[in-house]
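>>> can't give you the sequence, but here's the structure:
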């Protein structure tokens, strides 16, 4: 079927100005761009099967979410509707050191132990047990179902390490490091886009800079990217940026700093230093970029308030240590007077700013802060948090608020940045962070239109062509003849997010159409049920 999108204002991801024109699509590709000053006869378009009138609308490349976690949710709900309904047509997933490959039996059993017992869950885990490398993951996922959006897949460093060492707090032996490098090489050869690290989470928190440099050298051979949730985004954010740069310097790999932020009031303003460090690295020839989302709160597990030593051995060992009340005074002492450089969320945001959003076994606490719930019980907040973790088998989600608007704006305005959601939706039990649904409309509506602090054309580039180049995503991110027809049609005067921390599922406004590979998948802000995406491969 041919489709003509006519009379729109095109922001193509390449040009510095928008221009009036129409786009002809055939077989999922952009085959012709007709500008308003073209002398081409309209009569040539008489046989078009489908026409979309884009009068008054912006036609942009489909947005690319530079940092997301949509691989796990796609197992249960391949629609990824929450991304499509904000204009995202490609999601970079497998981030923060966690991915669906490479898996082995012990890793699968570790994740299986955290889930409910049922034949459906058993069947799902038998399926993912086969994801031993990128090729098996991609082929099996693509054969299982088409996806709503396309997925770009990074290889989680945590999975690489757990394959070889389990969840151990030690340096790998020479043999173990070679095994990890081999795992990286196999999946990179098969088309994975790079590796990711989660250096505040087990087992990434136990790794050394030297280990990451050696693995990144393998990624560099295949022109992949090193995407990092750094060791710290609060007190040690400057040192953490320096480590990420050093990994790029020593390995030659492209570096992507994930969800860059400055957390904790005592650190506000440090973005001036971190951004300067990134600029200096690029001037030196080290390719370092970053992504960010437009919110002052993040989303993580309540388990992150507990010092890293208690995670060793996996989730069951972690929960058992919490059940031992003799450990509670030691945990408190380490939180209040840290002896090591770990990401201390209590210090960073405080119990009063930790909104509980996921608690499968205690749903009545959702929507309350840890401090509010502790006050309600007339209990100490740390002990309340530990008890919640025990009751929920370690699986309790929080949205901690810790940022400043000044740092956020400075980061979003920087030319080396791009846009990410850091979001996923496993299910709709409890609440989610509003970024999962509202990130791109929030930027275009609030920061571009209402505040006027971001330029429209430049911001669209940050959402499209910049991440396409950084991650080496072929045929996407720009409106160009021969490229995939992943497109977003929105009204710049009405596009807006409508959700919040307490009402995160509200639909966006102003998104008239979203196309994936030439097919309309969103109409008037709502996903229409059609699946035209897939797991991509780095060419």
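That came through, no problem. Small disclaimer: the values here were computed from a predicted structure and weren't measured.
>>> so where's the chain shaky on pLDDT?
Judged by pLDDT under 70, the chain has its weakly predicted residues at 38-47, 427-429.
>>> And it, what are its domain boundaries?
Following automatic domain parsing, the chain resolves into domains at 156-257+259-298+402-418, 301-400.
>>> Need the winner for burial among these.
Mean neighbours per residue, mean count of other Cβ atoms under 10 Å, is largest over the domains of the chain for domain 156-257+259-298+402-418, with a mean of 20. Just so you know, the C-beta spots here come from the backbone N, C-alpha and C atoms, and that holds for glycine as well.
>>> residue contacts, the residue nearest the centre of the chain?
In the chain, the centroid-proximal residue (Cα atoms, centre = their mean) is residue 68; its distance is 1.8 Å. With contact set as Cβ atoms under 8 Å, 6 or more residues apart in numbering, residue 68 has these partners: 83, 91, 92, 93, 95, 420, 421, 422, 423, 424.
>>> same check, this time on residue 466
When contacts are counted by Cβ under 8 Å, 6+ apart, residue 466 touches 289, 418, 477.
>>> Tell me the spacing between it and residue 153.
Between residue 466 and residue 153 the computed distance is 19 Å (Cβ to Cβ, to the nearest Å).
>>> Show me the helices in the stretch 401-539 of the chain, by range?
Assignment of helices within the stretch 401-539 of the chain using DSSP state H, counting those that start in this stretch yields the ranges 405-413, 435-442, 456-463, 465-471.
>>> now the first one, how far from the centre of its chain.
What that stands for is helix 405-413. Distance of helix 405-413 from its chain centroid, counting by Cα atoms, centre = their mean, to the nearest Å, is 19 Å.
>>> any residues touching that helix, and which ones?
So helix 405-413 is contacted by 260-262, 268-272, 275, 290, 292, 294-296, 417, 443, 447, 453-454 (Cβ under 8 Å, 6+ apart).
>>> got the angle for that helix vs helix 456-463?
Computed with axes from the mean of the first three to the mean of the last three Cα atoms, to 10 degrees, the direction of helix 405-413 lies at 80 degrees from that of helix 456-463.
>>> Relative to residue 223, which of the helices of the stretch 401-539 of the chain is closest?
Among these, helix 465-471 comes nearest to residue 223, with 10.5 Å by Cβ to Cβ.
>>> The closest residue in space to residue 323 that isn't next to it in sequence: which element?
Once flanking residues are discounted, residue 323 sits nearest to residue 390: 5.8 Å by Cβ to Cβ, 6 or more residues apart in numbering. Assigned by DSSP states H and E, residue 390 falls within helix 381-391.
>>> Can you name every helix or strand that that helix contacts?
The helices and strands touching helix 381-391, judged by 3 or more Cβ pairs under 8 Å, 6 or more residues apart in numbering; DSSP states H and E, are helix 315-323, helix 328-336, helix 370-377.
>>> Between helix 381-391 and the second one, find me the angle.
In other words, helix 328-336. Using the same axes, to 10 degrees: helix 328-336 against helix 381-391 is 120 degrees.
>>> what do you get for the last one?
Here helix 370-377 points in a direction 90 degrees away from that of helix 381-391 (the same axes, to 10 degrees).
>>> just how off-centre is helix 370-377 within its chain?
For helix 370-377, the distance to the chain centre is 31 Å (Cα atoms, centre = their mean).
>>> next one: stretch 397-416
Computed by Cα atoms, centre = their mean, the chain-centroid distance of stretch 397-416 equals 15 Å.
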